[in-house]
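3D, please:
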Amino acid sequence: MTIHSGHPFPTPDDPVRRLRGRLGGTVSLWTAGDDAERAGLTVTSWLVAGGEPGRVLALLDPDADLTELLLQTGRGVVQLLSWKDRDLADAFAGTTPAPGGPWRMAAWDDTDHGPRLATATAWARVSVETDVEVGWSRLVTCTVDELVVGDDPEPLVHRRGRYVPPGG
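Residues are numbered from 1 along each chain as shown. Okay, here's the model as predicted:
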């Protein structure tokens with residue numbers, strides 16, 4: 001990976017991306033796989049749909065290892081990140097170096113759906129229901145198989161290309 005001095009995802013020529021950046025939202029980390037092969041991706045373009053079962057939808061990079069492995073295994077883990085996880089979020093987004101890889105930056109619990117961040121207070125085990133090409137992304141719809149929603153005193157929120165400090 002090469003580290004550049006400019007913003008890794010410049011947006012001046014893409015008004016749609018600039019609009020999406022103004023929406024802001026909680027940063028999630030999607031993971032899939034097992035000890036033999038695992039992948040993760042920081043995702044901010046996602047939402048939750050109520051229903052029985054509930055669903056989680058995300059716009060995923062079609063070229064990301066996570067997207068390929070999630071679609072291959074049909075299962076994954078979605079965890080919400082907190083303010084203290086911002087370096088981990090950047091590492092899984094590929095915007096900062098992670099010597100030894102991002103998996104060494106935190107403790108993980110192995111599940112039958114993939115690795116789960118041990119410190120995550122809100123997470124879901126999900127199963128892929130559908131995926132379709134939408135613009136430059138894959139819209140992946142997953143059903144929620146198990147859900148834990150704990151306290152979230154300092155959520156990691158991303159808006160306009162930056163993390164929003166707690167209380168900011």
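
ok, which stretches of this protein are helices?
15-23, 65-73, 86-93 (DSSP state H).

just flag whichever of these has the lowest average confidence.
Lowest mean pLDDT within the helices of the chain: helix 15-23, at a mean of 67.

related to what we said a few turns ago, compare the helices of the chain and report which one is nearest to G114.
Within the helices of the chain, the stretch nearest G114 is helix 65-73; the backing value is 7.6 Å (C-beta to C-beta). No exception for glycine: its C-beta is placed from N, CA and C like everyone else's.

what's the closest one in contact with?
30-33, 37-41, 60-61, 76, 114, 128, 131, 138, 140 (C-beta atoms under 8 Å, 6 or more residues apart in numbering).

Could you rerun that using 10 Å?
29-34, 37-43, 58, 60-62, 64, 75-77, 92, 112-114, 126-128, 131, 137-138, 140, 142 (C-beta atoms under 10 Å, 6 or more residues apart in numbering).

What's the local residue count around G76?
31 (other C-beta atoms under 10 Å).

Same check on V126?
29.

Find the nearest non-adjacent residue to it, please.
Leaving aside its chain neighbours, V126 sits nearest to C142 (3.7 Å; criterion: C-beta to C-beta, 6 or more residues apart in numbering).

Go ahead and confirm the one you found touches S28.
No: in this structure, C142 is not within contact of S28 by C-beta atoms under 10 Å, at 11.8 Å.

So these two - more neighbours on which side?
Neighbour tally, C142 and S28, criterion other C-beta under 10 Å: the higher count belongs to C142, 27 against 24.

which residues touch the more buried one?
C142 neighbours (C-beta under 10 Å, 6+ apart): 30, 46, 53-58, 70, 74-76, 78, 113, 124-131.
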